[in-house]
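Engineer: model this:
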Amino acid sequence: MTSVVVLIFAATWDYLIGDPSTFPHPVQIMGWIISWWSKFTLTYFHHPTMQRIAGILLTIILIVGSGLFGYLIIKIASCLHPLLGIGLEIILLASCFAGRSLRNAAQAVLQPLNAGELSQTRSVLSNYVGRDTENLTEPEIIRAVLETVTENATDGVMAPLFYAILGAFLPVVGSLPLALAYKASSTLDSMIGYREPPYTYLGWFSARTEDYLTWIPCRLTVITLALLSGKPLQVWRICRRDAVKDTSPNSGWSECAYAAILGVQVGGTNWYGGVAKHKPLLGEPSHPITSNSIHQALQLTRYSFLLWLGIATLLLIRS
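Structural biologist: You can find the predicted model right below:
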C-alpha cells in the first residue's frame, strides 16, 4: 500500500507543484558529476579507447550510484521516522517526472509567440532546444516546440513512470531507485550522448544504454497513445512507415505517434551550429501545426500517464 501512496502523491506533486527552485534537483547533481567527469576525461585522455573506457565507467557509476543513493537515503530517512521516509520518497520521485516542467517549457515559448514577440520567443526557445533559433520562422518555432514536447514525453515522463511502477512491484527495490537510475541514464544521454566531437567516444556507451532502457517504455507509450486516439491501426501504420526512418530507435517513434494522432507532420531541416541537419518527415500534413497541437500533445501525455498510474494502482492493491 505504501508503494501506491508514493506513486499517487508523487504524480500529484509533479502535476501541482513540479520542481521547487529552492530544492536541489537530482538531475542538477547528476549534471555536475557528468560535467566534471567529461572535462577531466577530455583534458587528460585523448585516445579514443581511453575515452570509451571513461564513458563506460561514468555510465555504470552514475546509473548504479543514483539507484543506490535513492535506496539508501530512503532507508536512512525511514529509520529516523517512517513518515519522513515516505515524504522524502514522494518528493524525490516527483522530481523524476517531468510532466509539469514540460508544460511550463511549452507555455514559456508560446506566451511571447502568441503576443507576437518573435525575437523574445526565439531567445526563450533556445533554452529548451539544441537547434539554432535565431532565424526560425513562426511555423518552425511551433514545430520545434511540438517536437520537443513529443520526444520528451517518453524519456521525460512515461519512461520514468514505467521504471517507478516496475520498482513498486519489487518491494526490496522500490520505485525511487529504478526511477533515479533511469533519470541518470537519460541525463547522460542528453549531455554527452552525441556522435559529434568531443563526445563521439566518451558518450557512445551512455547513448546506447539509454536507447535500450527506453525501448520498452517507448513502445508501450506508442501503443497507449494509439489506443487513446481511437484509431490504433492508422497510428501504428504511420509509425511503422515513418518512425523507422529516424536514426534514433525511440525518439522517432515517440514523435511519429503524436504526429499521426494530431494529423500533422514533424521533421525537416534544422540548423545546429550553422550546420544543416535533415530529419526524416514523420506523419502526414493533414493539418498545420498550431499552438493547439501542442496543447493536445500535452493532454495526450497526461492521459497516458494517468492510465498507466491507474492500472498500476489497481494491480498493486490487488497483489
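
Engineer: Low-confidence stretches in the stretch 51-200 of the chain?
Structural biologist: Scanning the stretch 51-200 of the chain for pLDDT under 70 picks out nothing.

Engineer: Mind listing what's buried along stretch 72-81?
Structural biologist: Neighbour-count burial for stretch 72-81 flags 73-74, 77-78 (criterion: 16 or more other C-beta atoms under 10 Å). Where you see a C-beta, it was placed from the backbone N, CA and C, and this is true even at glycine.

Engineer: err, stretch 111-130, not the other one
Structural biologist: By 16+ other C-beta under 10 Å, the buried positions in stretch 111-130 come out as 112-113, 121-122, 124-126, 128-129.

Engineer: would you list those residues in a markdown table and tack on distance to residue 158 and secondary structure?
Structural biologist: What follows is the buried residues of stretch 111-130, written out as a markdown table (distance: C-beta to C-beta, whole Å; DSSP: H, G, I helix; E, B strand; the rest coil):
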| residue | distance to residue 158 | secondary structure |
| --- | --- | --- |
| 112 | 29 | helix |
| 113 | 26 | helix |
| 121 | 28 | helix |
| 122 | 29 | helix |
| 124 | 25 | helix |
| 125 | 23 | helix |
| 126 | 26 | coil |
| 128 | 19 | coil |
| 129 | 20 | coil |
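
Engineer: tell me which of those is nearest to residue 18?
Structural biologist: When the buried residues of stretch 111-130 are ranked by distance to residue 18 (C-beta to C-beta), residue 128 comes first, at 15.2 Å.

Engineer: all strands for the chain, in order.
Structural biologist: Per DSSP state E, the chain carries strands over the ranges 265-272, 275-283.

Engineer: closest one to residue 301 among these?
Structural biologist: Closest approach to residue 301 among the strands of the chain (C-beta to C-beta): strand 265-272, 15.3 Å.

Engineer: ok, and for that closest one, which residues are buried?
Structural biologist: Neighbour counts over strand 265-272 (16+ other C-beta under 10 Å) mark 265-267, 270 as buried.

Engineer: same thing with stretch 232-242?
Structural biologist: 235-236, 238-239, 242.

Engineer: Name the residues that touch it?
Structural biologist: Contacting residues not belonging to stretch 232-242 are listed as 222-223, 225-226, 229, 252-253, 256-257, 259-261, 280-284 [C-beta atoms under 8 Å, 6 or more residues apart in numbering].

Engineer: among the residues you listed, which are in helices?
Structural biologist: 222-223, 225-226, 229, 252-253, 256-257, 259-261 (DSSP state H).

Engineer: Just to check, residue 228 is in contact with residue 304?
Structural biologist: Yes - with contact defined as C-beta atoms under 8 Å, residue 228 reaches residue 304; the gap is 6.5 Å.

Engineer: of the two, who's got more company?
Structural biologist: residue 304 (24 against 16; other C-beta atoms under 10 Å).

Engineer: Report the contact partners of that one.
Structural biologist: Neighbouring residues of residue 304 by C-beta under 8 Å, 6+ apart: 153, 158, 221, 224-225, 228.

Engineer: JSON lines please, covering these and showing distance to residue 166.
Structural biologist: Formatted as JSON lines, those follow (distance: C-beta to C-beta, whole Å):
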{"residue": "153", "distance to residue 166": "19"}
{"residue": "158", "distance to residue 166": "13"}
{"residue": "221", "distance to residue 166": "14"}
{"residue": "224", "distance to residue 166": "16"}
{"residue": "225", "distance to residue 166": "20"}
{"residue": "228", "distance to residue 166": "22"}
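
Engineer: and which of the residues you listed is nearest residue 144?
Structural biologist: residue 153 (15.0 Å).

Engineer: which ones are touching the closest one?
Structural biologist: 102, 221, 254, 258, 297, 300-301, 304.

Engineer: now swap in residue 300 and tell me
Structural biologist: By C-beta under 8 Å, 6+ apart, the contact list for residue 300 reads 153, 225, 228-229, 258, 261.

Engineer: Try it again at 6 Å.
Structural biologist: Taking C-beta atoms under 6 Å, 6 or more residues apart in numbering as the contact definition, residue 300 lies against residue 225.

Engineer: before we move on, back to that, and the ones in helices among the contacts of stretch 232-242, which two are the farthest apart?
Structural biologist: Taking C-beta to C-beta as the measure, the ones in helices among the contacts of stretch 232-242 span a maximum distance of 17.9 Å, between 229 and 252.

Engineer: So between the two, which is more surrounded?
Structural biologist: The residue with more neighbours, out of residue 229 and residue 252, is residue 252; 23 against 16, by other C-beta under 10 Å.

Engineer: So that one versus residue 147, what's the distance?
Structural biologist: Here the criterion is C-beta to C-beta, to the nearest Å. By it, residue 252 lies 11 Å from residue 147.

Engineer: Buried members of the contacts of residue 153 into PyMOL, please.
Structural biologist: Buried members of these, defined by 16+ other C-beta under 10 Å, are picked up in PyMOL with:
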select buried, resi 102+221+254+258+297+300+301+304
